[in-house]
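[1] 3D, please:
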Amino acid sequence: MNAEEYRNLEQVERTHWYYVGKREMVRGWIELARPPQADDLLLDCGAGTGIFAKEMEASCRVLVLDDHEEALRILRTRFRAEQVLSLAGDQVPLADGSLEYVTALDVLEHVPDDSAVVNGFHRLLKPGGLAVITVPASMALWSDWDVTLHHYRRYNRGQLRALFPDVKWELVHVNYTNVVVYPAVWLVRKWRKWFPSPHSRAEDREPAGWLNTLLKRTFVGLARIRVPFPFGVSLLLVARRRG
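    Have a look, this model is predicted:
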């Protein structure tokens, strides 16, 4: 992302229902699948502004990784120097099997070779370690939002599952999220395509307080359900590394 997008993100992610809900959803699935211990080590890949990782410090040790200088600048103001990592070439500078958790929240869509990145997660995790992934879903929702954020793709459930083959991973959970708002998001993005506007995107604006709260509770509540949804704006995957 460019510097302007990081500024936009910093302005909304502490209170906007989507960002708050996504962090709560991921923390909930981590607690359910493998409750963290104080000595456990979590690497947040594509950590951005670092808010999720900062919240996880209450539960375990944390490292943050990014390859954008604007993100690294922000991260260095929020974490100790030894906690902030940048890529060494295309490799994460950590030993094999050194982590209990890897999180990548809306990251895989930004990289050309998502399979290689997931293989890197497998290398870094200890047997039994947990990978928690969120990605944007449904190419029917592709819009200027994806172009601005430098996305390579949006996923369907099968494409995301295929990155985590059974021989290497035990799939704990994979499902669409943000189900309720899908029709509205589809309509807004198609309208914006047909009738471009110079005004700020709806994704950058926080709705009224009551609606913000309702959308967050709905988002998080439905994300706990194991019944497979047929569509959604996003996908969540939780996978455990096989020994």
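[2] which outside residues touch the top helix by length along the chain?
    For the chain, the helix with the greatest residue count under DSSP state H is helix 17-33. Identification of contacts with helix 17-33 by CB atoms under 8 Å, 6 or more residues apart in numbering yields 9, 12-14, 36, 51-52, 55-56, 59, 101, 103, 105-106, 130, 132, 134, 172-173, 177-178, 206-207, 212-213, 215-216, 219-220, 223-224, 234, 236, 238, 240. Every residue, glycine included, has its C-beta placed from N, CA and C.
[3] next, the buried residues of that helix.
    For helix 17-33, the neighbour count (16 or more other CB atoms under 10 Å) marks 17-27, 29-30 as buried.
[4] now swap in stretch 83-99 and tell me
    83, 84, 85, 92, 94, 99.
[5] which residues are in contact with the second one?
    Neighbouring residues of residue 84 by CB under 8 Å, 6+ apart: 63, 64, 72, 75, 76.
[6] repeat that for the fifth one.
    Listed by CB under 8 Å, 6+ apart, the contact partners of residue 94 are 43, 63, 85, 124.
[7] in helices only, show me the residues you listed.
    residue 124.
[8] neighbour-wise, which of the contacts of residue 94 leads?
    The most crowded member of the contacts of residue 94, judged by other CB atoms under 10 Å, is residue 43 (25 neighbours).
[9] coming back round to it: tell me how far the longest helix of the chain lies from the chain's centre.
    Computed by CA atoms, centre = their mean, to the nearest Å, the chain-centroid distance of helix 17-33 equals 10 Å.
[10] give me the pLDDT for residue 190.
    On the pLDDT scale, residue 190 is placed at 86.
[11] which of the residues in the host helix or strand of it are classified as buried?
    Using DSSP states H and E, residue 190 maps to helix 182-194. Across helix 182-194, burial judged by 16+ other CB under 10 Å covers 182, 185, 186, 188, 189, 192.
[12] equivalent analysis for stretch 128-135, please.
    Residues of stretch 128-135 classed as buried: 129, 130, 131, 132, 133, 134, 135 (neighbour count, 16+ other CB under 10 Å).
[13] and the gap between residue 14 and residue 53?
    14 Å (CB to CB, to the nearest Å).
[14] quick one: the helices in this protein?
    So, for the chain - with DSSP H - the helices run 3-12, 17-33, 51-56, 69-78, 114-124, 144-148, 157-162, 182-194, 209-223.
[15] related to what we said a few turns ago, which one of residue 14 and residue 53 has more residues nearby?
    residue 53 (25 against 13).
[16] what about the residue lying closest to residue 230 once chain neighbours are set aside, how many residues nearby?
    Nearest residue to residue 230, sequence neighbours excluded (CB to CB, 6 or more residues apart in numbering): residue 176, at 7.3 Å. A total of 23 residues lie near residue 176 under the criterion other CB under 10 Å.
[17] the spatially most central residue of the chain pairs with what?
    Nearest to the geometric centre of the chain sits residue 105, at 1.2 Å (CA atoms, centre = their mean). Legend: beta-bridge partners of residue 105 under DSSP bridges are residue 134.
[18] who's in contact with it?
    Neighbours of residue 105 in contact, by CB under 8 Å, 6+ apart: 22, 23, 26, 44, 46, 52, 132, 133, 134.
[19] looking at those, which is nearest residue 229?
    Closest approach to residue 229 among those (CB to CB): residue 134, at 14.5 Å.
[20] check whether the closest one really touches residue 234, as I assumed.
    Yes - using CB atoms under 8 Å, residue 134 makes contact with residue 234 at a distance of 5.8 Å.
[21] what do those two both touch?
    Overlap between the contact sets of residue 134 and residue 234, as judged by CB under 8 Å, 6+ apart, is given by 22, 106, 177.
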